[in-house]
Structures are given as structure tokens and as C-alpha cells.
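Student: Next comes the sequence, and after it the predicted model I'd like to discuss.
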Amino acid sequence: MDIIISNSIGKPIYEQISTQIKEMIMRGELMEGEALPSMRNLAQQLRISIITTKRAYEDLERDGFIESFTGKGSFVRAQNQELLREEGLRQIESGLMQTVEKAKQCGVELDELIELIRLMYGGE
């Protein structure tokens with residue numbers, strides 16, 4: 001499992017880990033029932049504190065992406081397609097909010113922005 005940590009993006013490390021694991025699950029790179037590295041192993045691989053990996057796994061479990069069993073480890077949870085869609089929509093909204101703010105700063109009108117999105121999405 002390839003997780004890339006950056007100190008320059010202003011996001012806490014645990015959040016970077018949980019976000020990347022969520023994305024792997026949503027893309028189907030991590031499948032239902034697949035074991036995640038132990039918190040200790042992941043901490044060693046990334047050269048971070050085990051407390052940080054514990055926080056990331058707790059967030060993933062709270063959000064319904066993984067389930068953990070004492071003495072067995074953490075596993076990708078069976079995914080509810082509605083949950084995956086909701087998470088995807090949340091990420092899209094976040095990206096669109098940044099795009100809308102940038103468009104306003106640059107003086108791009110709503111109709112222009114909609115047309116740009118339509119072109120990028122593949123419509124005519």
C-alpha cells in the first residue's frame with residue numbers, strides 16, 4: 001500500500017493517511033475484507049508515530065470504511081454504494097468550492113464556468 005506523506009500541504013498526517021486509504025477503497029484498489037497493515041507496521045513504513053496511524057484508522061472506522069478486531073487487525077469493510085457515492089460527492093463539492101472561489105476572483109461568469117465544466121465533462 002503506497003501512502004505518500006507531505007509536510008508541505010498543511011493537512012495533518014493522520015488525515016492524509018485516512019484520505020488516501022478512502023480513495024484506494026473507492027477506486028477498488030483495496031477490496032472488501034482485505035487486511036490493512038497493522039498500525040505498528042504502517043507507522044514503521046511511514047516513519048511516523050503509531051498514535052498518528054491509530055488516529056487515521058479510528059477515523060476510517062468511524063466513517064465506515066474499515067472495521068477493526070482486537071488481536072486480528074483492521075480490514076476493509078463491505079461498502080455501501082450509497083456511502084461511497086456520498087463520500088465522492090463530498091469530495092466533488094470541496095473541489096468545486098475551490099473552483100468557484102477562484103472563478104469569482106478571476107471574474108469568470110457563472111455561464112462561462114458551467115460551459116467550461118460541460119466541455120471538460122465531455123459534453124458539447
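Tutor: In hand now; what should we look at? Residues are numbered from 1 along each chain as shown.
Student: Can you give me the neighbour number for residue 30?
Tutor: Under the neighbour criterion other Cβ atoms under 10 Å, residue 30 is assigned a count of 21. Heads up, the C-betas are built off the backbone N, CA and C, glycines and all.
Student: List the buried residues for the helix or strand bottoming out on mean pLDDT in the chain?
Tutor: None of the helices or strands of the chain scores lower by mean pLDDT, DSSP states H and E than helix 81-106, at a mean of 89. Counting neighbours by 16 or more other Cβ atoms under 10 Å, one finds that the buried residues in helix 81-106 are 84, 87, 103.
Student: do the same with stretch 36-49
Tutor: Applying a neighbour-count criterion of 16+ other Cβ under 10 Å, the buried positions in stretch 36-49 are 36, 37, 39, 42, 43, 46, 48.
Student: For whatever helix or strand residue 44 lives in, give me every contacting residue.
Tutor: Assigning secondary structure by DSSP states H and E places residue 44 in helix 39-46. Contacts of helix 39-46 with the rest of the structure, by Cβ atoms under 8 Å, 6 or more residues apart in numbering, involve 1, 3, 5, 13, 17, 36-37, 49-50, 52-54, 57, 74.
Student: of all the buried residues of stretch 36-49, which two lie farthest apart?
Tutor: Considering Cβ to Cβ, no two members of the buried residues of stretch 36-49 lie farther apart than 36 and 48, which are separated by 15.2 Å.
Student: In what element of secondary structure is the spatially most central residue of the chain found?
Tutor: In the chain, the C-alpha nearest the mean C-alpha coordinate belongs to residue 19, at 2.8 Å (Cα atoms, centre = their mean). Secondary structure assigned from DSSP H and E places residue 19 in helix 13-26.
Student: Going by neighbour count, which residues of that helix are buried?
Tutor: With the criterion 16+ other Cβ under 10 Å, helix 13-26 contains buried residues 13, 14, 16, 17, 18, 19, 20, 21, 22, 24, 25, 26.
Student: For the fourth one, give me the pLDDT.
Tutor: Put plainly, it is residue 17. The predicted local confidence for residue 17 comes out at a pLDDT of 97.
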